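Q: Below: sequence and its predicted model.
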There are 2 protein chains.
Amino acid sequence: MSNEINETDIFSSNSSVLIRGTLLNGKRQDIFITEEGNIGEISESISGELKNEAEFIIDGSKTVASPGFVNTHTHAAMTLLRGYADDMHLQEWLSEKIWPLEAHLCGEDVYWGTKLACIEMIKSGTVAFNDMYFFMDEAAKAVDECGMKAVLSHGFIDFGSEEKRESEIKATEKLFSDVKKMNNQKIRAAVGPHAPYTVAPEGLSWCSEYAKENDSLLHIHLSETETEVKDCVNQHGMKPAKLLDKCGCLSENTVAAHCCWLDDEECALLGKRGVSVSHNPVSNMKLAVNRAMPYQQLIDAGANVTLGTDGCSSNNNLDILEEMKTAAILQKFFWNSDTLLPAHEAIKMTTESGAKALGFGTGKIETGAPADIVLLKTNISCMTPLYNPESNIVYACGSNAVDTVLCSGRVLMYDGNIPGEEEVYQKAAETAFNLVNRKENADN
Amino acid sequence: MSNEINETDIFSSNSSVLIRGTLLNGKRQDIFITEEGNIGEISESISGELKNEAEFIIDGSKTVASPGFVNTHTHAAMTLLRGYADDMHLQEWLSEKIWPLEAHLCGEDVYWGTKLACIEMIKSGTVAFNDMYFFMDEAAKAVDECGMKAVLSHGFIDFGSEEKRESEIKATEKLFSDVKKMNNQKIRAAVGPHAPYTVAPEGLSWCSEYAKENDSLLHIHLSETETEVKDCVNQHGMKPAKLLDKCGCLSENTVAAHCCWLDDEECALLGKRGVSVSHNPVSNMKLAVNRAMPYQQLIDAGANVTLGTDGCSSNNNLDILEEMKTAAILQKFFWNSDTLLPAHEAIKMTTESGAKALGFGTGKIETGAPADIVLLKTNISCMTPLYNPESNIVYACGSNAVDTVLCSGRVLMYDGNIPGEEEVYQKAAETAFNLVNRKENADN
């Protein structure tokens, strides 16, 4: 038979695929995916021509289908720093551990760190992410090879220095040019002013202008800690969201990460501007930021609330399933409301709202949409019993439930396997070892 | 060769096993496990007679070894209620959903629910647990078949009624008699007064006396919500810990779950009595209890702080790895301290302290100790890079990293597989379906 699964072939770029009998919105459905990577048909039984046309048939009878997950705030290559330093005071951790090691990063590190990140994200059902880091041409190469969708920004930090600003502008322009050359519709460049406390208003204004000119996203950290909010008020006489607005940085093309310490007025402002917010609960808890993003206030204000893992040095993984659960339980706990952020909304944050934030389709499984689909196993403990698949996905399952992942129709993982993953673990481990060695040699 | 792995045989009761080259406390080690299930030798290279004696050799070269994990607070059979109701107000959730369904539970439900729970716990590296529920003879049967260690208590609830108390006393005595008859050293009966607000002082006193007479554990819920603390003060003129102490319920044989709302004086009392506390952070967050167990105060007072998942209706899984991470990040977040509950202490809670609480050995991998060992994969994303295995276990890994689990030398899981797991998923799903049907038929 032409459409029996050959594990080598199924990963090779776009083929037409028929998923048989997966549980979608409470019903057993067949899903036909075209060679172009879109959903061609969804129905209870696809037969005849379409069935014959399918190059591969995936048995979905022991799976639940979900739209692919979207991770809206990462520093992907920081996988290489996983476990390098933890359980320290934030400032010591940054100044004595993280920054000194990052100072020795090279492009090859970012390439392998991003490859490792992509594999890790695919394993938890992620199809798209929003990344900010350095050597982003290498990150782009890694994402291209892994077949995911990504928005990539160079972390723009000027610390008020004009010279530094000029070099950050060049790095940003280079990234836009590099990504354009790749001509991969799944990868987009964005502007990445790091935060209101690391970029001067002149830098923020340049970033917002450049994003407008290029119709790109603007990715920024906002009000993660109480200290930065107080500092901003002292330095600029206004809270950070207000400062960003003044510099033109708040729009429907903005993704603002963390947002833990926003007050009601700032929530209203973000809602008014149509900003997307990336909630990063695990990182916020690990770094003891002491306040949870005001989820309901942001939703009520009309902001687009999404979900992100942050980087691996403050998480320490990129598991979006874990992040969904942590979001749902942290909101309840912190805001003292047992009904806040129910499972259905956690899934919406991670699919529809995430896709909207990054401009990658609707985040729904529907005819005509790009086939961004995750199949989760049902013959597994966390899906037993199956009263409510959404509850099981959010509250019970880990990434061991993820069986198959398709991104715009390309099969990225099948039956738990991603081609070449063993090599990536080995190379990433070597790269991390060499990075630490370079640092230690330089220190001595 | 006699000691090549045959997957059917390796699970069959106790055989001598040699684990080759696993990473233990930073060094590659061989571990020899005797037929009796104890650790016979640990050294860099075991050869000669012991090697020849080993019936099975497990290649540990791509693994890190950890002592088996201990879950000190569960209602195992509540796996059957996973996802049945979530995201509701606590009182409605209990009175409209959980209790009405539990009213229809039968022994067979508890048997299959506990089987499912055991498989789920083994998958995250758990070797022992502390369970409180109903139909505990059926739970004991399930645990016995799965090969885990457990302390089992009947949830004793009298609501101040003497008649109810008499029937709870009978149920408790029956459990002790049933467990004695099983003659399985891994399974022990305990006394399980549900909570100070569900058991009258007369019931609490009976429980403490019976536990003393039988040298058994006493397993109880303590100060989970602020309301129950206030109610206790109103009704009894003292806080719950004080009330328990008055009824003789606080001793080195006590495991008190939750303990979110203890004040400093109560922490000191628990420390003085040598009580073990079970921290249940996921459940506490999901149910919005609004205060995290005072970890450092309890440690400073000398209490034995351990970790538990609670039941699946408020978690919704039994994944002890997830619980370790949540404990480590919730403590930091709630108590506003980025150094609180570091990875090493999270592991200690879940191994040494847990084993001590339940009286199952030292919770360490050392010569002469029972071979309670988890091998976690290192060729996996969450263990790459491998700067710090303890950090990776706590902050990065999920249960997909767990490769092999031994409990007193018996192999419960090998290479990710547990014998008969598929049948358990199927039977548990059917059982849950029938339970809901019975309830709905009775309602109509």
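A: Looks like it arrived, so ask away.
Q: Pull the number of nearby residues for A:S47.
A: Residues contacting A:S47 under the criterion other CB atoms under 10 Å in any protein chain shown number 10. The C-beta positions use only the backbone N, C-alpha and C, and glycine is treated the same way.
Q: Angles on the backbone of it, please.
A: Main-chain torsions, A:S47, degrees, to the nearest 10: phi -140, psi -170.
Q: Tell me how far it lies from chain B.
A: 29 Å (CB to the nearest CB, to the nearest Å).
Q: Assign the residue nearest to the spatial centre of chain A to helix, strand or coil.
A: Nearest to the mean C-alpha position of chain A, by CA atoms, centre = their mean, lies A:N71 at 2.1 Å. With DSSP: H, G, I helix; E, B strand; the rest coil as the basis, A:N71 sits in strand.
Q: which non-adjacent residue is nearest it?
A: Residue nearest to A:N71 in three dimensions, not counting chain neighbours: A:F129, with 4.2 Å by CB to CB, 6 or more residues apart in numbering or on different chains.
Q: host element of the one you found?
A: In this structure, A:F129 is located in strand A:126-133 according to DSSP states H and E.
Q: Beyond that strand, next helix or strand please.
A: For strand A:126-133, the following helix or strand on the C-terminal side (DSSP H and E) is helix A:136-146.
Q: Packing partners of the strand holding A:F129?
A: If you count contacts as 3 or more CB pairs under 8 Å, 6 or more residues apart in numbering or on different chains; DSSP states H and E, strand A:126-133 packs onto strand A:69-74, helix A:107-123, strand A:149-156, helix A:352-358, strand A:402-407.
Q: Of the ones you listed, flag the one that's most buried.
A: strand A:69-74 (a mean of 31; mean count of other CB atoms under 10 Å in any protein chain shown).
Q: Quick check: residues of the stretch 201-350 of chain A near chain B?
A: Proximity of the stretch 201-350 of chain A to chain B is confined to A:282, A:284-290, A:312, A:315-317, A:319, A:322, A:325-326, A:328-330, A:332-333, A:335-340, A:342-343 under the rule CB under 8 Å from any CB of the partner chain.
Q: so where's chain A shaky on pLDDT?
A: For chain A, the stretches flagged by pLDDT under 70 are A:1-8.
Q: could I have stretch A:101-118 exported to PDB, CA atoms only?
A: Output of stretch A:101-118 as PDB, limited to C-alpha atoms (Å, rounded to 0.1, in the frame of the first residue of the first chain):
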ATOM      1  CA  LEU A 101      28.700  32.600  30.800                       C
ATOM      2  CA  GLU A 102      26.600  34.300  28.100                       C
ATOM      3  CA  ALA A 103      29.600  36.600  27.400                       C
ATOM      4  CA  HIS A 104      31.400  33.600  25.900                       C
ATOM      5  CA  LEU A 105      28.500  32.500  23.700                       C
ATOM      6  CA  CYS A 106      29.200  32.000  20.000                       C
ATOM      7  CA  GLY A 107      27.000  31.400  16.900                       C
ATOM      8  CA  GLU A 108      27.500  27.600  17.000                       C
ATOM      9  CA  ASP A 109      26.300  27.500  20.600                       C
ATOM     10  CA  VAL A 110      23.100  29.300  19.600                       C
ATOM     11  CA  TYR A 111      22.600  27.000  16.700                       C
ATOM     12  CA  TRP A 112      22.800  23.800  18.900                       C
ATOM     13  CA  GLY A 113      21.000  25.400  21.800                       C
ATOM     14  CA  THR A 114      18.100  26.400  19.500                       C
ATOM     15  CA  LYS A 115      18.100  22.900  17.900                       C
ATOM     16  CA  LEU A 116      17.800  21.400  21.400                       C
ATOM     17  CA  ALA A 117      15.000  23.900  22.200                       C
ATOM     18  CA  CYS A 118      13.100  23.100  19.100                       C
END
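Q: Give the pairing partners of the strand holding A:F129; include direction for each.
A: If you go by DSSP bridges, strand A:126-133 pairs up with strand A:69-74 (parallel), strand A:149-156 (parallel).
Q: close to chain B, is the helix or strand following the shortest one?
A: Note on strand A:69-74: by DSSP H and E, the next helix or strand toward the C-terminus is helix A:90-92. Yes - under the criterion of CB under 8 Å from any CB, chain B is reached by helix A:90-92 at A:L90.
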